[in-house]
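Trainee: here is my input, please return the structure:
(one chain, ligands or ions: 1)
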Amino acid sequence: MNYVSTVREYGIVVDGYSTGSLQMIDRVSPASGRLVSRFVSGTAEDAAAAIAVARKAFDDGPWPRLSGLERAAILRRWADLIAEDKERLARIEVDEVGKPIRMARGDLDGVIDLFQFAASLAMQVHGETYTNLGPDKTAWVHREPVGVVGMIIPWNFPAIIYAQKVPYALAAGCTVVVKPSEFTSGTALELTRLAREAGVPDGVISVVTGFGDPVGEALVKSPDVDFVSFTGSTNVGRRIVANSAETLKRVSVELGGKSANIIFADADLDDAIDGALFGVFFNQGECCCAGTRLLVDEAIADTFVERLTARAKAMKVGSVHDDDSDVGAMISETHLNRVCSYLDKGRSEGARLLAGGDVDRSGGGLFVQPTVFDHVAPDMTIFREEIFGPVLSITRFKTTEEAVALANDTTYGLANAIWTKNFDTAHQVAPRLRSGTVWINTVVDTGPQTPFGGYKASGFGREMGQAGFEEFTNVKSVIARLGKRTPYYATKG
Ligand code: NAD
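Mentor: Modelled structure (predicted):
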């Protein structure tokens, strides 16, 4: 198709403040090699200015003091503006991330749903009252906004992850400073511009673009930031937790994964094959909950693997602005090389390569062919480490016990999927899988109502749903004495 990207140049968004930084970050699309965006490389001073603005807006501004109905109306208006601008925003995601347009449009639909759902939560915040404390006492327990929230976002789903955090925090009454990924800051800046049009007051949202160090570090270390909501790699997550210790601020860390996709012999094979492909090749495998470890019952393995491999080979790689593109580009040359090192390890450690296994630089892009490795043993590197590319590992199992043990044989615990028509199997296996999400006959399936987050090295804290909303609140108990107090001390006067 003839879509032509224009170069977009962005500043940071901090009300009443302009950056002194002269450094810019050039974003070259990984799908075409063309310059598409330029972002300010923010400094520690920029982060400090944004934090001060957010602090003032929280301590003295109108936003935390509006009624839930008023906040909801603004969030709904914002959702409508995003819907009107959907195609343009999706094209920015395609340019900066290198993902296929079909997926970027799906992401934007998800963004709109997240905003709408968060708006509904703003109207429902409520507490508990205790009237059983005796005739002269009553107490209520309620939720307050946690305060100023620092949000650190990765590059794989820039708009979606913004929408999993920002409207939920705003619904609770918080003010926020967003640090998008240095690779893909465009949609965070564009969405924030729409916030102004929707009526979000000054100071409530700032966006400081730039690198993790200094901008992200400043957010985590600042005593004026009450909570940090981080999504990214497990290694950086560890650093976030360590850096939060000095100020003892709350953090939530949504980290990496190595999800299993378990195919039992009685599964609907058409559905399971489609799900297995979607699970691992969606967003070119740059997805935290990608079903990268396919565990298949030996009884059906040969047929299953043969059909799946044929379909993997037929997927359309590249031409990401075309409606029929299936697989997008790796985010950077460094990441492409990292994914390739796993392709080498898969081969050298003895897995059987059935499809892909190579780089594809068509159209100037950084593509990896959809890759399928069979006969992957649990001690192989590709079974154990997060690859974050379109690489599927297949391991066969004989019993349900073995399938559960293989699925849990990982340091991660983000999500797992089960494919079976037997309700007993599904019902008994789901609770035994050590992950924050389990899918049954579906995969990479999330929504605004259902909390998402990790066990083990996939992190802690939840996003979305009521639980995700509550992350942005503090619980306060107010205990009131009614009538005259009985004195504690005998002395009078
Ligand atoms: P990353 O950890 O390299 O970067 C994430 C963000 O942290 C970026 O904005 C980066 O600039 C910032 N950052 C880097 N160093 C920092 C520091 N010292 N202090 C503060 N901030 C810092 O991750 P990435 O490469 O952008 O994203 C890929 C990773 O994210 C994968 O591991 C993936 O599994 C994970 N991820 C997890 C989820 C989830 O919900 N669990 C969702 C999407 C992605």
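Trainee: mind telling me which residue of the stretch 1-150 of the chain is nearest the ligand?
Mentor: G150 (8.8 Å; Cβ to the nearest ligand atom). Using the backbone N, CA and C atoms, a C-beta is placed for each residue, glycine as well.
Trainee: beta partners for that residue?
Mentor: V177, V228 (DSSP bridges).
Trainee: and it, how many neighbours?
Mentor: By other Cβ atoms under 10 Å, the residues close to G150 number 31.
Trainee: just Y130 next, same as before
Mentor: 12.
Trainee: residues contacting the nearest residue to it once chain neighbours are set aside?
Mentor: In this structure, Y130 finds its nearest non-sequential neighbour in A139, 4.4 Å apart by Cβ to Cβ, 6 or more residues apart in numbering. Contacts for A139 (Cβ atoms under 8 Å, 6 or more residues apart in numbering) come out as 129-130, 133, 477-480.
Trainee: likewise D326?
Mentor: Contacts for D326 (Cβ under 8 Å, 6+ apart) come out as 100, 281, 315-317, 370.
Trainee: and these, which two are furthest apart?
Mentor: Pairwise distances across the contacts of D326 peak at 12.5 Å for P100 and P370 (criterion: Cβ to Cβ).
Trainee: helix, strand, or coil at the nearest residue to Q116 once chain neighbours are set aside?
Mentor: Spatial nearest neighbour of Q116, chain neighbours left out: A79 (5.1 Å); criterion: Cβ to Cβ, 6+ apart. With DSSP: H, G, I helix; E, B strand; the rest coil as the basis, A79 sits in helix.
Trainee: tell me the pLDDT at A79?
Mentor: pLDDT, A79: 98.
Trainee: burial of it, as a residue count?
Mentor: A79: 22 surrounding residues under other Cβ under 10 Å.
Trainee: surely it touches G110?
Mentor: No. Between A79 and G110 there is no contact under Cβ atoms under 8 Å: 11.6 Å.
Trainee: the ligand contacts on the stretch 151-300 of the chain?
Mentor: With the criterion set to Cβ under 6 Å from any ligand atom, the stretch 151-300 of the chain comes near the ligand through 152-157, 179, 181-182, 211-213, 216-217, 220, 231-233, 236, 239-240, 254-257, 288.
Trainee: among the residues you listed, which ones are in helices?
Mentor: In this view, those that belong to helices under DSSP state H are 217, 220, 236, 239-240.
Trainee: can you put these in CSV and add neighbour count?
Mentor: Converted to CSV, these look like this (neighbours: other Cβ atoms under 10 Å):
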residue, neighbour count
E217, 18
V220, 24
V236, 18
R239, 17
I240, 24
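Trainee: can you list those in CSV and add distance to S341 and pLDDT?
Mentor: Output for these, formatted as CSV (distance: Cβ to Cβ, whole Å; pLDDT from 0 to 100):
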residue, distance to S341, pLDDT
E217, 28, 98
V220, 30, 98
V236, 20, 98
R239, 23, 97
I240, 26, 98
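Trainee: which residue is nearest the centroid of the protein?
Mentor: For the chain, the residue nearest the mean C-alpha position is I161 (4.4 Å; Cα atoms, centre = their mean).
Trainee: low-confidence ranges in the chain?
Mentor: Scanning the chain for pLDDT under 70 picks out the ranges 1-2, 4.
Trainee: can you name the element that comes right after the top helix by length along the chain?
Mentor: Across the chain, the longest stretch assigned as helix under DSSP H is helix 101-122. Next in sequence after helix 101-122, counting helices and strands by DSSP states H and E, comes strand 128-130.
Trainee: ok now do Y342, which residues does it touch?
Mentor: By Cβ under 8 Å, 6+ apart, the contact list for Y342 reads 381-382, 385, 387, 389, 391.
Trainee: and the residues you listed, which two are furthest apart?
Mentor: Longest span within the contacts of Y342, Cβ to Cβ: T381 and G389, 13.4 Å.
Trainee: more neighbours: the two, which one.
Mentor: G389 (24 against 17).
Trainee: E286 is in contact with that one, correct?
Mentor: Yes. G389 is within contact range of E286, at 6.9 Å (criterion: Cβ under 8 Å).
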